[in-house]
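1. turn this into a structure:
(one chain, ligands or ions: 1)
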Amino acid sequence: MRGIVRIFSGIQPTGRKHLGNYIGAITQYVAGQDRGNPAIYCIVDLHATTVAYDPAELRERVLDTTAILIAAGLDPDRCVLFRQGDVAEHTELCWLLSSVTELGRLNRMHQFRDKSVAQRELVSAGLLMYPVLQAADVLVYRAHEVPVGEDQREHLELMRDVAERFNARYGDLLVVPKHRIPEVGARVRDLQEPERKMSTTGGTPQGTVLVLDEPNVVLKKFKRAVTDSEDPPTIRRGAGKAGITNLIEILASVRGSEPADVERDFANARYGDFKVAVGEEVAAWLAPVRERYEALRADEDALEGALAAGAGKARALASETLRDVRRAMGVGPPGG
Ligand code: TYM
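-> You can find the predicted model right below:
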């Protein structure tokens, strides 16, 4: 039976979703589908415009992401799956919330700092406003719970702050949401540079396993994963063992078991054999997703149809919040 918890999460449009996104976020989205009332998942095309991008490609990448999410197990009839740019309430609430958002705080956000250093051309105001739009994404649905990976923690804190400040100033209209960060798999690391998180923008190509990689490519990346020089080699988590710890946690996530179980199962294994075992299990886990993706991606009309239906459901929920917020803020026609 469905409870009263409303779930929301957002994901950037790219066909290059990786194992970190999959383990840290997408498996949680699928699990949330039956708990959420409703579970709302948004492909954030507006966020994608905050860095250099190609407009025609953006449309393609939204469809790639939609197909990946459905292939992973999201059912557009059981959740609300839609494209951010289809629901204008997100941008309107973003503007309204900017009045209760502290500029200095936006300036200090890690993502803003990192991304503005990486930008070779324009550091846009959109990049600075990114977290306000992210706050609006969640607050416009009065969602209680936000499943994300560890790297979104700071954004979630800002979002809570904005909601609290809004409620203090205009009355208790917004729900202050909580993040849901998994205990294992919230920060999947690059296989080549395990001190860094797995990422298509900041990681290494060989250390980043893509959801759509062919099984032999997945296996090859795991075989080359960096380990450590502990003598004798031991499969356990611990300091100085970022590579092995990462592999243990990945396998535990894939199996739905505990890292300690993986340590026990591989207590006497050699690093090379362990890497092959993890690679084979991950490849077998992702293979059916990739196969379903191919079939789904080929039917663009069906994907657009699913997104349009999702946008209709999303708009109905979002417009209620906007009506209340506009009224409380004295914006627009009276009673509007
Ligand atoms: P995005 O698209 O970068 O990432 C999608 C989700 O994947 C998680 N993730 C990871 N988890 C574990 N290990 C990793 N190496 C790893 N890398 C990424 C992210 O934490 C995220 O949950 N700003 C968001 C999109 C967004 C959003 C929102 C999220 C927009 N509005 C509202 C939640 C609520 C982002 O760029 O995610």
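2. from here on, contacts and neighbour counts on C-alpha atoms
-> OK.
3. in contact with V51, which residues?
-> Listed by Cα atoms under 8 Å, 6 or more residues apart in numbering, the contact partners of V51 are 119, 123-124, 127.
4. typo on my end, R16
-> 200, 210-212.
5. could you single out the nearest of the residues you listed to P233?
-> Sorting the contacts of R16 by distance to P233 puts L210 at the head of the list, at 28.1 Å, by Cα to Cα.
6. mind listing what that closest one touches?
-> By Cα under 8 Å, 6+ apart, the neighbours of L210 are 16-19, 218.
7. dump these to TSV, plus distance to S98, pLDDT and secondary structure.
-> Listed next are those as TSV, based on distance: Cα to Cα, whole Å; pLDDT from 0 to 100; DSSP: H, G, I helix; E, B strand; the rest coil:
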residue	distance to S98	pLDDT	secondary structure
R16	31	90	coil
K17	30	96	coil
H18	32	97	strand
L19	34	98	helix
V218	43	98	helix
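8. would a markdown table of those residues with distance to the ligand be doable?
-> Below are these laid out as a markdown table (distance: Cα to the nearest ligand atom, whole Å):
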| residue | distance to the ligand |
| --- | --- |
| R16 | 10 |
| K17 | 8 |
| H18 | 8 |
| L19 | 7 |
| V218 | 16 |
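9. can I have the buried ones of the contacts of V51 as a PyMOL selection?
-> Buried members of the contacts of V51, identified by 16 or more other Cα atoms under 10 Å, are gathered into one PyMOL selection as follows:
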select buried, resi 123+127
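10. for the contacts of V51, work out which two are farthest apart.
-> So, these by Cα to Cα: farthest apart are Q119 and L127, at 10.2 Å.
11. got the residues of the stretch 151-300 of the chain near the ligand?
-> 151-152, 185-189, 197-199 (Cα under 6 Å from any ligand atom).
12. pLDDT-wise, what's the bottom of the contacts of V51?
-> Least confident entry in those, by pLDDT: Q119, with 78.
13. what's the closest non-adjacent residue to that one?
-> Of all residues not flanking Q119 in the chain, V51 sits nearest, at 7.5 Å (Cα to Cα, 6 or more residues apart in numbering).
14. swap in L307?
-> In this structure, L307 finds its nearest non-sequential neighbour in F82, 4.6 Å apart by Cα to Cα, 6+ apart.
15. can you give me the buried ones in the helix or strand of the chain with the lowest mean pLDDT?
-> In the chain, the helix or strand scored least confidently by mean pLDDT, DSSP states H and E is helix 110-118, which has a mean of 88. Residues of helix 110-118 classed as buried: 111-112, 116 (neighbour count, 16+ other Cα under 10 Å).
16. could you look up the SS state of F82?
-> strand (DSSP: H, G, I helix; E, B strand; the rest coil).
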